[in-house]
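Q: any chance you could fold what I've pasted below:
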Amino acid sequence: MLDGRHLIQPDDLTVFEIEEICSLAEQIIVDPKSFQDVCRGKILATLFFEPSTRTRLSFEAAMLRLGGSVEGFSDADSTSASKGETLADTIRVVSSYADVIAMRTPKEGAALLASKYSLCPIINAGDGGHYHPTQTLTDLVTIRRLLGGLENLTVGFCGDLKFGRTVHSLAEALRHFKGNRFIFISPKELTVPDYLIANVLEPAGIKYEIVESLVAVTDQLDILYMTRVQKERFFNEQDYIRLKDSYILDKEKMKAAKKKMIVLHPLPRVNEITPDVDDDPRAAYFKQVKYGMYARMALIAKLTGSL
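A: Sure, this is the predicted structure:
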């Protein structure tokens with residue numbers, strides 16, 4: 001039962017629950033009108049202490065399409081937090097009004113802290129460099145829809161793998177499905193964190209490689225998961241400038257890829273995927289955006305006990 005549960009990190013969901021949410025999302029994709037009133041009378045609070053376009057609007061669109069309502073903020077400066085109110089007090093207050101809360105913050109662990117004080121389910125919409133579990137559900141729904149399943153896939157993660165919470169979350173989720181293999185592609189300064197290898201992948205027996213060349217492995221991939229180098233995660237702007245153009249996917253590099261490979265990206269992109277790739281049928285990142293709304297619709301319906 002997902003009714004009343006929090007979603008802070010991907011491991012909060014079992015494989016069965018992930019499949020359940022993905023299956024419901026696919027039902028909504030096929031027949032959205034059948035679900036347009038399932039959350040009528042319920043309220044989603046969106047607490048975004050960090051800028052967001054896709055994630056915030058996706059959550060809001062998801063609740064509205066389920067027949068519910070939305071309240072919240074997109075700028076922490078316009079809240080009582082700017083006056084010194086603690087996160088615990090903010091959550092106690094907001095959860096008194098809402099049926100479910102979607103929260104984004106630059107501070108790692110803040111979503112978990114919020115869950116300890118909330119009267120309703122907390123959905124982590126991104127907490128610093130930690131987790132972004134609804135992006136993971138977005139990715140899983142997209143992969144299922146476009147490749148037909150979540151097993152026996154070679155997944156290349158490229159770009160900022162050190163700070164990229166979407167990478168960490170998706171790798172954690174996909175390790176539960178048999179036959180998957182990961183290739184981590186990044187400069188040494190942005191390589192995948194040791195904890196992900198030692199605590200997540202190796203105990204699960206996942207096969208993986210760590211490489212620096214995208215071109216050398218493109219032909220092996222079923223999925224290429226591109227990420228931007230995130231300026232907001234750097235303390236030193238010179239390091240950001242030096243690394244921001246490390247990997248750029250263009251039409252020429254796509255020539256070596258499999259015909260049925262898909263390119264995913266959590267967005268926003270800067271210049272790591274050139275516009276000439278957008279028309280390639282393997283470019284799935286804008287489909288991914290829409291599937292994300294359906295994934296969040298399914299999750300909200302489950303956590304609020306509406307379905």
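Q: now the end-to-end length of stretch 202-218.
A: 24 Å (Cα to Cα, to the nearest Å).
Q: please read the previous query as pertaining to stretch 39-52.
A: Start-to-end, stretch 39-52 (Cα to Cα) is 24 Å.
Q: go on, stretch 33-45?
A: Note: stretch 33-45 ends 23 Å apart using Cα to Cα.
Q: repeat for stretch 113-130
A: Span of stretch 113-130 from end to end, Cα to Cα: 13 Å.
Q: likewise stretch 23-39?
A: 18 Å.
Q: just stretch 101-115 next, same as before
A: End to end - Cα to Cα - stretch 101-115 spans 10 Å.
Q: what's the domain layout of the protein?
A: Domain ranges of the chain: 10-131+292-303, 133-289, per automatic domain parsing.
Q: just checking, Pro10 touches Ala171?
A: No. Judged on Cβ atoms under 8 Å, Pro10 makes no contact with Ala171 at a distance of 9.1 Å. Using the backbone N, CA and C atoms, a C-beta is placed for each residue, glycine as well.
Q: could I get the domains of the chain as JSON lines with mean neighbour count and mean pLDDT?
A: Formatted as JSON lines, the domains of the chain follow (neighbours: other Cβ atoms under 10 Å; pLDDT from 0 to 100):
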{"stretch": "domain 10-131+292-303", "mean neighbour count": "19", "mean pLDDT": "93"}
{"stretch": "domain 133-289", "mean neighbour count": "18", "mean pLDDT": "90"}
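Q: out of those, flag the one nearest Asp3.
A: Checking the domains of the chain against Asp3 by Cβ to Cβ gives domain 10-131+292-303 as the closest, at 6.9 Å.
Q: which SS class is the residue nearest the centre of the chain?
A: Central residue of the chain (Cα atoms, centre = their mean): Gln135, 1.7 Å from the mean position. Classification of Gln135 using DSSP: H, G, I helix; E, B strand; the rest coil returns helix.
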